[in-house]
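Q: What follows is a predicted structure for the sequence shown.
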Amino acid sequence: MKNNNFRKTVWAGLLVFSFYFSPAMSQAQGVLGGHVTGNMQLDMQMSREDSTIGAPDVPEQMLMNARADILYTNGAFDAGLRFEAYTNPLLGFDKNYRGQGIANYFVSYHNDRISFTAGYFYEQFGNGMILRTYEDRNIGYDNALFGFNVHYQLMPGIMLKGVIGKQRYCWTLGNGIVRGVDAEVQLNSLIPAWADKELRVTLGGGVVSRYEPDTTIFSSPGYKLNLPLNVGAFSTRMDLAYRNWNLNVEYARKGQDPSFLNNYIYRYGQALTVNASYATRGFSVNLQAKRVDNMVFKSERAATDANGAKLYINYIPAINKEHTYAFLSMYPYSTQAQGEMGLQGDIIWRLPKDGFLGGTDIHLNSSVITALDMKVVGGMGTEGYTSDFFGTGDLYYGDASLEVTRKINSQLKLTALYGYQVVNPEIDGHSGALHHNNVVVGDLLWKINKKNALRFEAEWMGSDSRYTQEVDDKRCGDWIMGLVEYNFTSRWFVSVSDQYAYHDGTGNYYNISLGYTHNATRIQLGYGKQREGMICIGGVCRQMPALNGLTLTLSTSF
Amino acid sequence: MKKLSHLIFFGFSFIFLLAACDKIEENEYVVFAGAAGTWYDDSENIDATQRAFIEKYTGCRCKNCPTADSVIHETQQHYGSRLVAVAIHPKGSNYTIPYSGEPDLGSDDGKTWNDAHGFNSYPQALINRNGEAFVPITNFDSRVEMALGVTPQMGIAVSCERNSGNDSITITAHLSFLTQVSADLNLTLLISEDGIVTTQKMPDGSDQVNYMQNHVLRDVITDVWGTPVDKGSANGETGSRRMAQFTYLPDAGWNLNQCHIVAFVSNRDTKEILNVAECGIE
């Protein structure tokens, strides 16, 4: 810990040194010849115990997550830092965030050929199936690498990347050292004869390796697992674009990586994603498929997800739609990197303007995700299972939705949506049979004038799930919801909503919010009840406990 | 120049690819971890004294290590059996390369511990693996006092005897839960040897022949990080007692009359040592 503090002090000193002794410090623009930009966000919660919805007692009375990012840019040089404070973390966030300090700092330099970053950085190879570091403050996820990142343009059309470092977990770093290289070749830039061809071809490939010292994992008394200290993964990818068509294919394979989340089996991992799309004016169609098999890849083999996702080196892209309306998003899908197969189709169509329904936007989406067809051959210290590549197992998630949006006139816009979901409650730790839900949404936006607008939203969800105290899944039952939102003077808004489980469910969740926005500053105050559940972004999820109380959000940027 | 940079890049990439991945053969997924012991409920009353385990990382070519030896020796004189010491000569270090024709005190188990603690210069020491490494020359007493001053959670005793008819020894470890310990625990047994004579680099840079090396780690009898403590049906309730028996075959080259068995109980996750005991081989 002392070393960590020392390291941070040295880095902070370097940043200050950089600001003050920059060669361009005498220029008038910005600060010391460069530009300083930044943003700040503060989220506060006050909650009281509510046994009916399961809201816990909060001894601190008030919880807060806050952060401020500062970025200094001076020509080819960048430096930045982020201060974070969790005093104490909001409900649902990893308790290990408790504390405050400089959580991220870096310096970087770039020119036409090479760029490098030293410090904390975010990087992604291809779709991220072997490496993706990123942060999402809404789910409290930050797996930044702390080390070195280099990008090198070998020649026109060939970009090389290299990374080495350890991953952030709250206020510490993971045990494993992550190393990786990636190359991406744009053939149309590399081969002069292809420069003007309509077919655009990009090929890529990367290798990532994790080193973690040996630890003892007993398989039985007196016997332990012979653990691979270096675990490698590679991926190859291809992106083809021809006129309105686009095809992206990526295949990844991971070496033996016995870990807590795969029950310490030695099976190789692999993943395949295919994404085909066609887009023209007013119409687009997108088809996606993926198969993921034993692709949990973390920088600590013993890391669990008990307090939320942590220390993932890779990222498996989600292919199901992220719904925005309350009842459809009540059951978000959490990517099962240990094994899943999925398909998604998505069509967006704006009807030609002439005709009765001209100008109407139609959005049709459907996805289905299942488990793999697995035959178990052993437990810890074995290959684990075999799996037929094209076989499917139990259903994890399926949905279909039709969303129609029509601008009735210059003031009124109506959105109507019907959605059907089948959800396996075991995905997020509940139990019971599949939930089958029908959801209907009506959303009317009335722009009264340039500065005032009213929005009405009504939702209904009918479900075959029934609330029982044994399972205590508070999403069960039939629900109804109403929301009214009024935006006035372009700066203020107030909204009132209520979600009520009127049949075979439990809970009445009312909320009132008041907000004010001025330039880049926004403040929002809310009071009400929040249902326990999950929030998922890109298939990465965070448990969200019930809450009964006040919330305050303040954000600004400069 | 351009071609050179390409060559360098692809050279590094090739080396990287070679180092990227270890492959474990299927018949080697599971390996012997060390003695696991046979566990029983125990009725024996044992001494509940809190003791401290000092592991000193050292080497025969480390010139400051003799000073640490003296300090530890004096401290042991003061605290007696409450301070249990082991000298670890991690294999693979330049400081532990034996002098020509002399016994190799290097230990693979010691290297595993050394690497986990991240030591690359000696002497270094830890008391009860509390996470604070230090050079065992100054401020030693205060650290020992602090370790001995905690309220013991576990009582531990160890005994061992040679088996007639063969060269093996039977080791019995007794554990007493003085308070409920919810954490998973490991029991580690090791064997150390006193009185090994080697050449030693001295603080003035000279090589002293016939230097007496004491408490030298010879082997970790259990797995290097210990074997799981079987808490029994009482699951570690306050007042419960457990006993584990091990049979061990020492190396014929060791002088068992100069050897000791050290037993300690540690938190499986944090590695912190709760208590330790030592016995000679009868």
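A: Thanks, I have the structure now.
Q: what does chain A put close to chain B?
A: Chain A comes close to chain B at residues A:152, A:154, A:160, A:179, A:181, A:207-209, A:213-216, A:218-232, A:234, A:255-256, A:266, A:381-383, as judged by C-beta under 8 Å from any C-beta of the partner chain. For the C-beta atoms, the positions are set from N, CA and C on the backbone; glycine is no exception.
Q: Quick one: buried ones out of the residues you listed?
A: A:152, A:154, A:160, A:179, A:181, A:207-209, A:214-216, A:218-219, A:223-228, A:230-232, A:234, A:255-256, A:266, A:381-382 (16 or more other C-beta atoms under 10 Å in any protein chain shown).
Q: Let's see which of the residues of chain A next to chain B end up in helices.
A: The helices, defined by DSSP state H, take in nothing from the residues of chain A next to chain B.
Q: Three-state assignment for residue B:105, please.
A: Under the three-state scheme (DSSP: H, G, I helix; E, B strand; the rest coil), the conformation of residue B:105 reads as coil.
Q: Could you give the backbone dihedrals for it?
A: Backbone dihedrals for residue B:105, given as degrees, to the nearest 10, come out at phi -90, psi 0.
Q: surely it meets residue B:197?
A: No - with contacts defined as C-beta atoms under 8 Å, residue B:105 does not count as touching residue B:197, sitting 11.0 Å away.
Q: higher neighbour count, those two?
A: The neighbour count for residue B:105 versus residue B:197, taken as other C-beta atoms under 10 Å in any protein chain shown, is higher for residue B:105 (23 against 12).
Q: Now the more buried one. Nearest residue, chain neighbours left out?
A: When the adjacent residues along the chain are set aside, residue B:105 lies closest to residue B:89, with 4.1 Å between them (C-beta to C-beta, 6 or more residues apart in numbering or on different chains).
Q: got it, and residue B:207?
A: The spatially closest residue to residue B:207, leaving aside those adjacent along the chain, is residue B:199, at 5.2 Å (C-beta to C-beta, 6+ apart).
Q: Over to residue A:425?
A: Ranked by C-beta to C-beta, 6+ apart and with sequence neighbours excluded, the top spatial neighbour of residue A:425 is residue A:432, at 5.2 Å.
Q: Local confidence estimate at residue B:25?
A: For residue B:25, the pLDDT comes out at 94.
Q: er, residue A:6 actually
A: The predicted local confidence for residue A:6 comes out at a pLDDT of 48.
Q: cool, and residue B:47?
A: 82.
Q: For the stretch 401-550 of chain A, which segments count as strands?
A: Secondary structure of the stretch 401-550 of chain A (DSSP state E, counting those that start in this stretch): strands at A:412-423, A:435-447, A:453-463, A:478-488, A:492-503, A:508-518, A:521-530, A:533-537, A:540-544, A:547-557.
Q: my bad, should have said the stretch 51-200 of chain A
A: Counting by DSSP E, counting those that start in this stretch, the strands of the stretch 51-200 of chain A are A:62-74, A:77-86, A:99-110, A:114-121, A:135-136, A:141-142, A:145-155, A:158-169, A:172-173, A:177-186, A:199-211.
Q: need the contact list for the closest residue to chain A within the stretch 101-250 of chain B.
A: Sorted by distance to chain A under C-beta to the nearest C-beta, the residues of the stretch 101-250 of chain B start with residue B:225, at 4.2 Å. Taking C-beta atoms under 8 Å, 6 or more residues apart in numbering or on different chains as the contact definition, residue B:225 lies against A:215, A:216, B:186, B:188, B:266, B:268, B:271.
Q: Distance to residue A:199 and secondary structure added to these, as CSV?
A: Shown next, in CSV, are the contacts of residue B:225 (distance: C-beta to C-beta, whole Å; DSSP: H, G, I helix; E, B strand; the rest coil):
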residue, distance to residue A:199, secondary structure
A:215, 50, coil
A:216, 54, coil
B:186, 61, strand
B:188, 64, strand
B:266, 62, strand
B:268, 58, coil
B:271, 58, coil
